[in-house]
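# Make a model of this:
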Amino acid sequence: MAVTETETGTASAARRERPGWRQVASTLRDVIRRNLLFSAVLALGAVLRIIVMLGYTPAVLFRLDTYDYLWDAVHITPNPVNPSGYALFLALLRPFHSLALVAGLQHVMGLAIAVMIYALLRSWGVARWLATLATCPVLLDPSQLLLEHMVMADILSLFLMIAAFTLVMIRTSPPPPLWRLMLGGLLMGASAIVRPTVLPLIVALAAYLLATRGGWRKVGAVLVAGVLPIAGYMAWFASVYGGFNLTNSDGLFLWSRTMSFADCAAISPPPDLRALCPTAQPAPMAQPVASKRPPPRNYLWDHTAWMWRSSSPSFVPDTAAFTTANNSRARRFAIKAITAQPLAYADIVAKGSLMPFVHTNVFRFPTGPEKGIGVGSARRYARAAVRDYTGSNSMPFLGYHYSADQRQPYAHLVGDYQRVFFLPGPLFGVIVLIGAAGFLIPRRRTAAAVVLWISAVILLVLPVAEHEYTYRYAIPAVPLACMAAALAFRHRGKSDEQQTSTAALEPPAAELEPPATELEPA
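From the prediction side, this is the model:
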């Protein structure tokens with residue numbers, strides 16, 4: 001049978017494509033071979049995430065926060081308590097009606113975070129084994145795995161933050177172009193509308209560029225790019241609530257923080273703020289002795305406290321008290337309390353900030369099923385949020401703290417794993433101290449290490465200063481502290497001003513180029 005010219009052309013095109021695919025496969029094999037240790041740890045991290053996906057289906061739902069994000073993703077409205085950046089991310093995935101997809105994408109983000117950390121450290125001359133070690137908490141720590149498997153904002157914020165640092169700090173020759181720096185600023189701003197504690201890190205990016213003589217044009221571009229998503233979100237928030245802000249909760253959270261030390265005899269609040277004093281709250285919160293008072297969250301969420309008394313019941317729970325007026329009033333009291341008792345405030349913040357190093361975290365996967373629906377009066381709301389997002393009425397896993405359908409033997413494997421392998425608090429403290437040594441010793445100091453270490457400290461201290469200590473809030477600081485510590489031991493064969501190649505995960509360029517042929521001059 002005769003072969004047509006079209007068939008001949010198709011066959012020729014296929015033959016031309018085959019070497020390209022082979023070249024891609026060869027390049028991938030070379031990348032793995034050149035970074036064998038990291039590739040092995042990355043593969044182990046991927047296996048752990050698959051086991052988690054099989055053991056806890058479709059994802060872990062956390063208290064009422066998860067249901068708030070799911071509800072806001074369906075109804076597309078800014079939340080008065082937490083910024084809705086994560087809800088907008090969930091809204092993009094809503095057509096798939098799958099919480100498993102959300103968890104799966106977040107696990108991919110976790111792996112991508114490790115790849116970015118490794119590439120950034122290698123570009124600065126950190127040894128392969130040390131760069132791999134710095135990624136281990138992200139790849140292997142069960143707290144990180146749980147964070148990724150929860151329908152919560154933390155992992156998206158962490159992913160955007162690490163991506164921003166990577167775009168700005170990774171060493172290239174020539175130096176990074178302006179568009180890449182602006183993209184880094186934009187991603188950091190996007191991270192801030194997911195978790196507001198990231199907001200100061202936009203300034204950290206600008207400080208890094210100043211320290212590396214990036215020039216005022218680049219500094220200004222990064223700052224403008226970082227502010228854009230925040231300004232856009234605040235304009236949306238103002239159109240709904242009237243106040244140009246990210247939330248109506250910052251003052252109320254800070255007020256709850258001051259309840260740990262506030263003494264109204266020392267503060268002397270004006271008459272309109274006396275109802276906010278600790279002793280004016282209902283029992284058992286009305287405790288004159290600060291050391292015997294309950295944690296800040298009790299003051300914030302107890303519906304008999306001052307800000308809830310005039311609020312009307314709503315189908316969406318725990319939002320009615322977060323008004324512009326209440327938030328402003330609480331902020332005024334908190335500022336007066338901190339101004340009147342600065343040492344007491346500093347003492348509370350210092351103690352809370354040291355907690356991740358003193359106590360090994362208890363942020364772990366559940367090892368036993370939660371019986372019944374434990375969300376109390378919010379049960380209908382929680383069911384509606386999951387039903388509207390997934391399109392399904394079947395929710396036997398619905399609970400209060402960590403809610404998921406546990407499948408065996410995979411959940412048992414996760415439980416056994418997290419009992420043995422985790423990041424101890426004292427070891428985390430050692431990592432931060434090593435990073436501080438690289439910060440303080442001139443011969444070990446780099447602009448990247450300084451900015452990363454300060455950023456880690458900000459992420460550790462700010463949640464405690466704003467509200468209270470919870471290990472979940474400390475997890476995003478771990479990779480930054482690990483990077484800062486690894487940079488303290490980087491190879492210093494080249495000066496800090498000299499740029500190096502970003503091909504940390506790639507073979508030499510000569511290996512990527514096809515050999516010259518008679519038709520292609522060398």
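
# how much space between the residue lying closest to Ala320 once chain neighbours are set aside and Ala437?
Residue nearest to Ala320 in three dimensions, not counting chain neighbours: Ser311, with 3.6 Å by C-beta to C-beta, 6 or more residues apart in numbering. Placement of C-beta: from N, CA and C, glycine included. Going from Ser311 to Ala437 by C-beta to C-beta, to the nearest Å gives 50 Å.

# okay, the two: which has more neighbours?
A direct count of neighbours by other C-beta atoms under 10 Å for Ser311 and Ala437 places Ala437 higher, at 17 against 14.

# give the contact list for that one.
Contacts here follow C-beta atoms under 8 Å, 6 or more residues apart in numbering; on that basis Ala437 touches 444, 488.

# for Gly435, same thing?
Taking C-beta under 8 Å, 6+ apart as the test, what Gly435 contacts is 449, 452-453, 456, 481, 484-485, 487-488.

# Most widely separated two among the residues you listed?
For the contacts of Gly435, the maximum inter-member distance is 13.2 Å, found between Ala456 and Ala488 (C-beta to C-beta).

# shouldn't the residue nearest to Ala320 be in contact with Phe322?
No - using C-beta atoms under 8 Å, Ser311 is not in contact with Phe322, being 9.1 Å away.

# Of the contacts of Gly435, just say which sits nearest to Pro80.
Distance to Pro80 across those (C-beta to C-beta) is lowest for Ala456, with 29.6 Å.

# OK, contacts around the closest one?
Applying C-beta under 8 Å, 6+ apart to Ala456 gives the contacts 432, 435, 477-478, 480-481, 484.

# and if we set it to 10 Å?
Neighbouring residues of Ala456 by C-beta atoms under 10 Å, 6 or more residues apart in numbering: 431-432, 435-436, 474, 476-485.

# Quick check: it vs Ala481, distance?
4 Å.

# okay, and the common contacts of these two?
Joint contacts of Ala456 and Ala481 (C-beta under 10 Å, 6+ apart) are 431-432, 435-436, 474.

# from the residues you listed, which is closest to Pro409?
Closest approach to Pro409 among those (C-beta to C-beta): Ala474, at 31.0 Å.

# Name the nearest residue to the residue most central in space within the chain, sequence neighbours excluded.
Residue closest to the average C-alpha location in the chain (C-alpha atoms, centre = their mean): Leu158, at 2.7 Å. Counting by C-beta to C-beta, 6+ apart, Leu158 lies nearest to Pro476, which is 4.7 Å off, once chain neighbours are set aside.

# Surely the one you found touches Pro137?
No - taking contacts as C-beta atoms under 10 Å, Pro476 lies outside contact range of Pro137: 11.2 Å.

# how about Ala378, what does it touch?
Per C-beta under 10 Å, 6+ apart, neighbours of Ala378: 63-64, 67-68, 315-318, 384-385, 400.

# Would you mind giving the residues you listed as TSV with neighbour count and secondary structure added?
Shown next, in TSV, are these (neighbours: other C-beta atoms under 10 Å; DSSP: H, G, I helix; E, B strand; the rest coil):
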residue	neighbour count	secondary structure
Arg63	17	coil
Leu64	21	coil
Tyr67	25	helix
Asp68	24	helix
Phe315	9	coil
Val316	19	coil
Pro317	19	coil
Asp318	18	coil
Ala384	17	helix
Ala385	24	helix
Tyr400	18	coil
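
# With pLDDT and distance to Pro426 as added columns, please give the residues you listed in a markdown table.
Output for the contacts of Ala378, formatted as a markdown table (pLDDT from 0 to 100; distance: C-beta to C-beta, whole Å):
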| residue | pLDDT | distance to Pro426 |
| --- | --- | --- |
| Arg63 | 83 | 29 |
| Leu64 | 85 | 33 |
| Tyr67 | 92 | 36 |
| Asp68 | 94 | 35 |
| Phe315 | 86 | 46 |
| Val316 | 88 | 42 |
| Pro317 | 88 | 39 |
| Asp318 | 88 | 36 |
| Ala384 | 90 | 44 |
| Ala385 | 91 | 39 |
| Tyr400 | 58 | 31 |
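
# Closest to Trp236 out of these?
Asp68 (17.0 Å).

# If you drop the residues flanking it in sequence, what lies closest to that closest one?
Counting by C-beta to C-beta, 6+ apart, the nearest residue to Asp68 once its immediate chain neighbours are dropped is Asn79, at 6.1 Å.

# Just give me how far stretch 451-458 sits from the chain centre.
Using C-alpha atoms, centre = their mean, to the nearest Å, the distance from the centre of stretch 451-458 to the centre of the chain it belongs to is 14 Å.

# Mind exporting the C-alpha coordinates of that stretch to CSV?
Output of stretch 451-458 as CSV, limited to C-alpha atoms (Å, rounded to 0.1, in the frame of the first residue of the first chain):
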residue,chain,number,x,y,z
VAL,A,451,16.5,38.5,56.6
LEU,A,452,15.3,34.9,56.8
TRP,A,453,16.2,34.7,60.5
ILE,A,454,14.5,37.9,61.4
SER,A,455,11.4,36.8,59.4
ALA,A,456,11.3,33.5,61.3
VAL,A,457,11.4,35.5,64.6
ILE,A,458,8.6,37.7,63.4
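
# So which bits of it are buried?
451-458 (16 or more other C-beta atoms under 10 Å).

# Restrict the helix or strand where Cys482 lies to CA atoms and write it as CSV.
According to DSSP states H and E, Cys482 maps onto helix 477-487. Output of helix 477-487 as CSV, limited to C-alpha atoms (Å, rounded to 0.1, in the frame of the first residue of the first chain):
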residue,chain,number,x,y,z
ALA,A,477,8.9,29.8,61.0
VAL,A,478,10.5,26.4,60.9
PRO,A,479,11.7,26.4,57.2
LEU,A,480,12.9,30.0,57.5
ALA,A,481,15.0,29.2,60.6
CYS,A,482,16.3,26.0,58.9
MET,A,483,17.4,28.1,55.8
ALA,A,484,19.1,30.7,58.0
ALA,A,485,21.0,28.0,59.9
ALA,A,486,22.1,26.3,56.7
LEU,A,487,23.3,29.5,55.2
